Every structure is written in C-alpha cells, then in structure tokens.
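In: Dropping the sequence and predicted coords here.
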Amino acid sequence: MPNAASEPDVARFREHCIALIGAEAAEKAQLGVAVSGGPDSMALLWLAVQAFPGRVRAATVDHKLRPEARAEAEMVARWCADNHVPHDILTPLEPIRGSIQSAARAARYALLESRRTEHGIDWIMTAHHADDQLETLLMRMNRSSGVGGLAGVRAVNGYVMRPLLGWRRAELARIADEQGLPHVHDPSNDDTRFDRVEMRQNLAQADWLDPLAAARSAAACADAEDALAWMVEEIAARHITQDGAGRWVLTRHDVPREIQRRLIQRLIASADPDAPAPRGETIDQALVQLLCGKRVSVGSWLIDGGKQWTLRAAPQRNSR
C-alpha cells in the first residue's frame with residue numbers, strides 16, 4: 001500500500017492516465033500492464049495497482065531468447081500472486097527471427113493484444129518513459145525522420161497507453177527501491193550491437209540534454225502529425241476522384257510542400273491501399289517533376305503533373 005511519501009507519485013500517475021484517456025474511462029477501464037521485470041515496468045505495475053486497485057491484470061512475455069527469461073517472468077508472477085494481481089506469462093508460438101529487437105517487439109504486442117481481447121481489457125500500459133523518448137527522437141533525427149517520426153513513442157496508440165512519458169528513468173528506479181519491488185537487469189540493455197543501447201550510453205555523458213523537454217517536443221510533433229493527417233484527408237475527400245478510365249485525379253495541390261508530399265502518398269493509397277507509401281528522396285524527386293508538369297514513375301504507378309495530377313497503373317513490362 002502507498003505510504004504518505006508515495007502518495008504524490010500515485011496521484012501524479014493517476015492524473016497522467018486521466019489526461020490520456022479521460023476521467024470517465026480511467027474510473028471504469030480494465031487495465032493491462034506489460035511487465036518485463038525491469039525496474040521501469042515493475043514501478044509501472046506498482047503505480048497502476050495503487051491508482052486503480054482491482055482493475056489491473058499484468059502480463060510478461062518470455063521471448064525464449066535468454067535462459068533467464070522464464071525465471072524473471074516467474075518473479076513477476078510471484079509478486080502479482082502476493083499482491084492479488086492476475087498475471088499471465090506469454091510465449092510466442094514461433095521462434096524470434098530476423099532483426100531481434102523489432103521481431104520481438106512485434107511478437108510482444110501481438111501477444112498482448114490477443115490477451116487484451118481475451119480478458120476484456122480496455123487498455124494495455126507500457127513503461128516507456130522520458131529517457132526512452134529522448135533516445136527515440138535522436139535515433140529518428142539521425143535517420144532524417146519527418147514530423148511523424150519525431151513524434152516518437154506515442155502516448156496513446158490504438159489500445160496501448162504510455163502514461164510514464166513524463167517520468168524519468170531515475171524516478172522509476174527510486175519507486176522500485178522505495179517499495180522494495182523485485183526487479184532484474186536485462187543484459188541486452190548493455191549490448192552495444194543494438195543502436196538504442198549505443199545511443200543510451202552516449203546520452204549518459206550528455207547531461208545537458210533534458211529528456212522531459214524532449215518528451216514535450218515529441219508530444220507537440222504528435223499533435224502536428226495528427227493535424228497534417230486530418231488536413232490531408234479533408235483535401236483528399238474533396239479533391240481526389242476516380243474517372244471512368246481507371247485513373248485517379250487530384251484536382252488541387254496549391255498547398256504547402258509537406259501536404260503535397262502526403263497528397264502523393266494519399267493518391268497512391270486511393271488506388272491501392274496495400275501499396276507501399278513512397279518516402280524520402282523518392283517522393284521529393286517525384287514532387288519536383290510533378291510541379292514542373294512532368295510525368296513520373298513511382299513504384300508501379302505513373303503520375304502526370306500539371307494543373308491536376310493524374311495517377312494510373314504503369315504498363316506491365318514484357319518479361320522477355
């Protein structure tokens with residue numbers, strides 16, 4: 001149970017959840033917590049249990065990548081049993097292959113989503129915090145990301161909620177220590193073969209960077225991304241049409257450059273929702289040609305520029 005010293009942490013956590021999903025939802029929602037067993041996720045679990053007693057279910061994913069992972073999941077299970085919190089240990093049906101971190105992430109969220117629907121859980125909480133957000137922003141900036149990428153880790157994404165983006169890693173470690181929460185250290189967090197680990201180690205020497213300020217900037221970028229997406233959909237609804245010859249026509253493009261880029265993507269998506277969206281230099285080069293009234297080839301599509309932009313499927317090449 002929270003003591004007088006920890007009550008401000010619990011109240012702050014509750015307020016952050018309310019800010020994300022609203023007071024009514026926060027008072028009624030069934031909440032899932034993804035718990036790896038590290039200090040961050042154990043602090044999240046403790047905060048959630050104190051703030052929303054009786055409405056929390058925890059889950060730990062054992063990716064079968066480390067022999068210690070099962071014991072770590074069972075450590076979380078024991079804490080949950082002692083504190084009357086339902087807990088599940090989830091395991092992917094298929095081995096993790098390819099890019100380990102991205103494949104494990106995809107498997108983890110798929111398992112959590114399956115368990116969410118099975119148990120009628122409204123929201124899944126994850127323990128991403130301000131230091132994680134700073135790492136994400138700098139990594140994406142280094143890859144020339146635009147507004148969408150610089151939105152970083154979203155505070156709300158589908159049924160996933162991240163209420164700790166305004167908290168520092170050190171604050172969560174303090175909570176874990178003060179409350180005597182069992183926790184483990186994942187050795188992959190020290191493996192510099194992973195870009196994020198290398199970034200984290202470099203950031204440890206840059207104490208002039210403010211993760212909380214970066215988190216606020218990411219939130220501003222997320223709002224800007226939502227505004228741009230809304231504007232593009234409004235323009236598309238009025239100015240993208242299909243003619244009778246299997247062509248898609250954009251009748252207005254006298255808009256700022258970033259919206260023009262997105263309208264090219266939207267035009268292609270109108271013709272084929274499953275087509276990969278062009279990005280980076282591909283879309284910038286296409287935009288230059290279209291604004292000069294020329295024809296461009298983008299993937300399996302041809303787009304004619306000029307007063308209006310017209311998209312049609314490129315002729316199939318002779319295989320001989």
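Out: Looks like it arrived, so ask away.

In: Flag every buried residue along stretch 89-98.
Out: Along stretch 89-98, the positions that meet the burial threshold by neighbour count (16 or more other C-beta atoms under 10 Å) are I89, L90, P92, I96. All C-beta spots, glycine's among them, are computed from the backbone N, C-alpha and C.

In: hang on, I meant stretch 19-26
Out: Using 16+ other C-beta under 10 Å as the test for burial, stretch 19-26 gives L20, I21, A26.

In: pLDDT check: weakest of the buried residues of stretch 89-98?
Out: The member of those with the lowest pLDDT is I96, at 82.

In: Just send the buried residues of stretch 19-26 back as JSON lines, with pLDDT and distance to G32 too.
Out: Supplementary listing: the buried residues of stretch 19-26 in JSON lines, determined by pLDDT from 0 to 100; distance: C-beta to C-beta, whole Å:
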{"residue": "L20", "pLDDT": "97", "distance to G32": "15"}
{"residue": "I21", "pLDDT": "97", "distance to G32": "13"}
{"residue": "A26", "pLDDT": "94", "distance to G32": "14"}
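
In: if I read this right, V35 contacts V56, doesn't it?
Out: No. Under the contact definition of C-beta atoms under 8 Å, V35 does not touch V56, with a separation of 10.3 Å.

In: Please enumerate the shared neighbours of these two.
Out: Contact criterion C-beta atoms under 8 Å, 6 or more residues apart in numbering; residues bridging V35 and V56 by contacting each: L45.

In: Those two: which is more packed in?
Out: The neighbour comparison of V35 against V56 (other C-beta atoms under 10 Å) goes to V35, with 29 against 24.

In: What's the separation between the more buried one and D122?
Out: V35 is 18 Å from D122, where distance means C-beta to C-beta, to the nearest Å.

In: now do E198
Out: Distance from E198 to D122, counting by C-beta to C-beta: 37 Å.

In: again, but for L172
Out: Here the criterion is C-beta to C-beta. By it, L172 lies 23 Å from D122.

In: Of those two, which one has the most company?
Out: L172 (26 against 16).

In: Is it correct that that one falls within a helix?
Out: Yes. Secondary structure of L172, determined by DSSP: H, G, I helix; E, B strand; the rest coil: located in a helix.

In: In strands, which of the buried residues of stretch 89-98 appear?
Out: Using DSSP state E to define strands, the subset of the buried residues of stretch 89-98 located there is I89, L90.

In: for the buried residues of stretch 89-98, which one is nearest L209?
Out: For L209, the closest of these turns out to be I96, at 32.1 Å, with distances computed as C-beta to C-beta.

In: From what I see, that closest one and A104 are in contact.
Out: Yes. Under the criterion of C-beta under 8 Å, I96 lies in contact with A104, with a separation of 5.2 Å.

In: what distance separates the start and the end of stretch 151-162?
Out: Criterion C-alpha to C-alpha, to the nearest Å; first-to-last residue distance in stretch 151-162 is 14 Å.

In: who touches it?
Out: Outside of stretch 151-162, the residues that reach it under the criterion C-beta under 8 Å, 6+ apart are 17, 20-21, 109, 113, 116, 121-128, 132-133, 136-137, 140, 163, 165, 214-215, 218-219, 221-222, 224-225.
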